[in-house]
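Engineer: Sequence first, predicted coordinates after that:
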Amino acid sequence: MKLFENHNLKTYNTFGMEVFARKFVEIETAEETPAAVAEYLQQWPYYILGGGSNTLFTKDFDGTIVHPVFRGIERMEENGDNVLLRVAAGEPWDNLIQYCIRHEYYGIENLTAIPGLVGSAPVQNIGAYGVEVKDTVYKVQGYILSTRNPFGLSNADCRFGYRNSIFKQTLKNDCIITYVWFQLSKRKHFTLSYQGLAKALEERELPLTLHSVSECVRKIRDTKLPDPKIVGNGGSFFKNPVVPVEQYQDLLTQYPDLVAYDAPKGLKKLSAGQLIEKAGWKGKRVGNAGTWKNQALVLVNHGGATPNDVLNIADSIINDVNKLFNITLEMEINRI
Ligand SMILES: Cc1cc2nc3c(=O)[nH]c(=O)nc-3n(C[C@H](O)[C@H](O)[C@H](O)COP(=O)(O)OP(=O)(O)OC[C@H]3O[C@@H](n4cnc5c(N)ncnc54)[C@H](O)[C@@H]3O)c2cc1C
């Protein structure tokens, strides 16, 4: 493991916030996790950091950041139908996508180009284009900080929900995920329930392959989302609100074009981006921060924005959306 003191986090968060961590520990192998915990995580505060693409640092971090960097994708079991992969926490998520395309493993191609590392994927149950990672996670392995014990949680134990899991609830800040196991299909099948994806594939007249679906997703994302290497951002800043069907129907009388998707328990999931856009925030800039011109749900750092610049905009959006729709937007991003 490596220890850095007073470490600049600017290149460790996709918002590009220039903040400093008092201590920064890179864990280089899964096996050294218990030793790293014993040596550096005796004292709160600490934070487990992956690729920093779902993290907004709001100030200097007066504690220890733990950053697992170990990589690796291993085939653990295989039969005619499925394959079981064990993937190390520090593996970049998109590397896993490329690996699956090369080996023709089906199930996560719609999650192409989501930034970040594999260890973070189950934390908020990443999702895009009709697929959530929970559909392929077989188990999650790691180390509990409070009890100093290793753990292995089955898919059911992870209590996955919409952008939610046990790692955002009872195990929040209390575990280091070392490996995620995925069960992927070797039989050709695709999830094309998201209209935009099916349409884009049709328009491009592409044959239906893992490669074409993945590339199509990448292209759609490129048109909508800013590349964090160019414009700092953390992806969707807010969760899509889930409301009772009656509330949605009421809103429809005033806003007939309001988009909604079916959610579990007969609820309706609205598009936070559309609500923000209707509240007049799409592409708006206040100082060095703002919302993205093609997707109002993405808050951006145009260069030199401070955490407060971003948080002030977020607060104004929450207020304005609340006034208009009587809905309180909840932040998806982790504020540290
Ligand atoms: C341009 C852009 C587009 C995006 N698009 C999507 C999208 O389509 N769908 C989607 O779901 N998300 C999306 N995101 C959000 C983000 O990419 C995902 O949430 C991703 O999984 C975060 O990974 P990370 O490694 O960067 O996480 P980080 O920001 O480093 O961490 C996120 C959380 O995971 C915890 N964590 C990280 N590593 C570990 C570990 N090893 N053990 C325990 N806890 C850990 C952290 O403590 C934190 O709570 C997008 C972000 C950006 C910038």
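Structural biologist: Yep, that arrived. Quick caveat, the model's predicted, so the values are computed rather than measured.

Engineer: Go through stretch 208-221 and flag the buried ones.
Structural biologist: Neighbour counts over stretch 208-221 (16 or more other C-beta atoms under 10 Å) mark 210, 212-217, 220-221 as buried. Where you see a C-beta, it was placed from the backbone N, CA and C, and this is true even at glycine.

Engineer: scratch that, stretch 108-123 is what I was asking about
Structural biologist: Buried residues in stretch 108-123, counted by 16+ other C-beta under 10 Å: 108-123.

Engineer: close to the ligand, is that stretch?
Structural biologist: Yes. Using C-beta under 6 Å from any ligand atom, stretch 108-123 comes into contact with the ligand via 114-117, 119-121, 123.

Engineer: For the nearest residue to residue 126 once chain neighbours are set aside, report the pLDDT, please.
Structural biologist: Ranked by C-beta to C-beta, 6 or more residues apart in numbering and with sequence neighbours excluded, the top spatial neighbour of residue 126 is residue 133, at 5.0 Å. Among the per-residue scores, residue 133 shows a pLDDT of 98.

Engineer: Residue 133: neighbouring residues, count only.
Structural biologist: A count of nearby residues for residue 133, using other C-beta atoms under 10 Å, gives 25.

Engineer: So which bits of the protein are right by the ligand?
Structural biologist: 14, 47-55, 68, 89, 114-117, 119-121, 123-124, 126-128, 167, 175-177, 225, 228, 233-235, 334.

Engineer: Return a ChimeraX selection command for the buried portion of these.
Structural biologist: For the buried members of these, the matching ChimeraX selection, counting by 16+ other C-beta under 10 Å, is:
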select :14,47,48,49,50,51,52,53,54,55,68,89,114,115,116,117,119,120,121,123,124,126,127,128,167,175,176,177,225,228,233,234,235,334
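
Engineer: Name the SS class of the closest residue to the ligand within the stretch 151-300 of the chain, please.
Structural biologist: Nearest residue of the stretch 151-300 of the chain to the ligand: residue 235, at 2.4 Å (C-beta to the nearest ligand atom). What DSSP: H, G, I helix; E, B strand; the rest coil gives for residue 235 is strand.

Engineer: residues touching it, list them.
Structural biologist: For residue 235, the contact set (C-beta atoms under 8 Å, 6 or more residues apart in numbering) comprises 14, 53-54, 114-115, 225, 298, 332-333.

Engineer: related to what we said a few turns ago, export the buried residues of stretch 208-221 to TSV and tack on secondary structure and pLDDT?
Structural biologist: Below are the buried residues of stretch 208-221 laid out as TSV (DSSP: H, G, I helix; E, B strand; the rest coil; pLDDT from 0 to 100):
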residue	secondary structure	pLDDT
210	helix	96
212	helix	94
213	helix	96
214	helix	97
215	helix	95
216	helix	95
217	helix	95
220	helix	93
221	helix	94
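
Engineer: which residues of the stretch 151-300 of the chain fall in strands?
Structural biologist: 175-185, 232-236, 242-243, 260-263, 267-270, 285-286, 289-292, 295-301 (DSSP state E, counting those that start in this stretch).

Engineer: quick one: buried residues of the longest one?
Structural biologist: By neighbour count, and taking 16+ other C-beta under 10 Å as the criterion, the buried residues in strand 175-185 are 175-184.
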